[in-house]
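Trainee: Task: produce atomic coordinates for the following.
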Amino acid sequence: MRRTDKEITDPALIDWVIRQAVVCRLGLSQGGRAYIVPLSFGYDGRCIYFHTAAEGRKLEMLAANPHVCFELEHDVHVIPHETRACAWSMSFYSVMGTGVVHEITAPDEKVAALQAIVGHYSPRTWDISAADTQTVRVWRLEIAEMTGKKSKDKAAAADD
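Mentor: The predicted model follows:
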C-alpha cells in the first residue's frame, strides 16, 4: 500500500469494517472486459458469501474466471473545505482484496451460507429450508489477500 499512514494493520479492525459494511462490490474479469457488481453478502471471518439468480452476466464471467477482487467500505462521508475546491477530502474505512469464488451446491452448506448472508443484515435468526435454496445459486469467495485503509480522521479516532 502506497499510503502506509492510512493502512489498517489490525486484523480485528479489518473484520469490524467488513461486518459494518452494507454492500460488497465484486470485480470480475473475462477476456479483457471488467465488470463490477454490488452484492448483499455474509462473512464468517474467512470467506465472503453471496447469492445470485440462476443465470446472468455475473455467472458467465465467474464461469470463465473465478479469480475476483472485492471492496467494502463503512462510515464514508465528504469533508468539504471552506475555500479550496481541491482541498475537499473523504472520511472512510475500506477493505479491498482478492480471492477465488466457488459455487456451493451441498444443501446444508447452502443453508449455512444463506444464514450468514441474512445474519449480516438481521439480528433475528431465520429458518432457511432446503427448499429455499432451490431458487438461488450460492457462492463462497475464499479470500486470498486483503488490506484495509482508513482516512486520517479515522486513524486519530482509532488511536483514542
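
Trainee: Name every strand pairing with the top strand by length along the chain and say which way it goes.
Mentor: In the chain, with assignment by DSSP state E, the single longest strand is strand 89-104. Applying DSSP bridges, strand 89-104 is found paired with strand 67-79 (antiparallel), strand 137-150 (antiparallel).

Trainee: winner for burial among the ones you listed?
Mentor: strand 137-150 (a mean of 19; mean count of other C-beta atoms under 10 Å). Quick note: C-beta positions are derived from backbone N, CA and C, even for glycine.

Trainee: I'd like the strands paired with strand 89-104 as TSV, with mean pLDDT and distance to A54 appended.
Mentor: As requested, those are exported to TSV (pLDDT from 0 to 100; distance: least, C-beta to C-beta, whole Å):
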stretch	mean pLDDT	distance to A54
strand 67-79	94	20
strand 137-150	97	6
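
Trainee: Give me the residues contacting stretch 129-145.
Mentor: 26, 46-54, 59, 62, 68, 70, 97-104, 107-111, 113-114 (C-beta atoms under 8 Å, 6 or more residues apart in numbering).

Trainee: just the buried members of those residues?
Mentor: 26, 47-52, 59, 62, 68, 70, 97, 99, 101, 104, 110-111, 113-114 (16 or more other C-beta atoms under 10 Å).

Trainee: For the strands paired with strand 89-104, give me JSON lines that also has distance to I128.
Mentor: Shown next, in JSON lines, are the strands paired with strand 89-104 (distance: least, C-beta to C-beta, whole Å):
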{"stretch": "strand 67-79", "distance to I128": "23"}
{"stretch": "strand 137-150", "distance to I128": "10"}
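
Trainee: Point out where the chain drops to low pLDDT.
Mentor: Scanning the chain with the threshold set as pLDDT under 70 gives 1-5, 155-160.

Trainee: Spatially central, which residue of it would that be?
Mentor: In the chain, the C-alpha nearest the mean C-alpha coordinate belongs to C24, at 3.2 Å (C-alpha atoms, centre = their mean).
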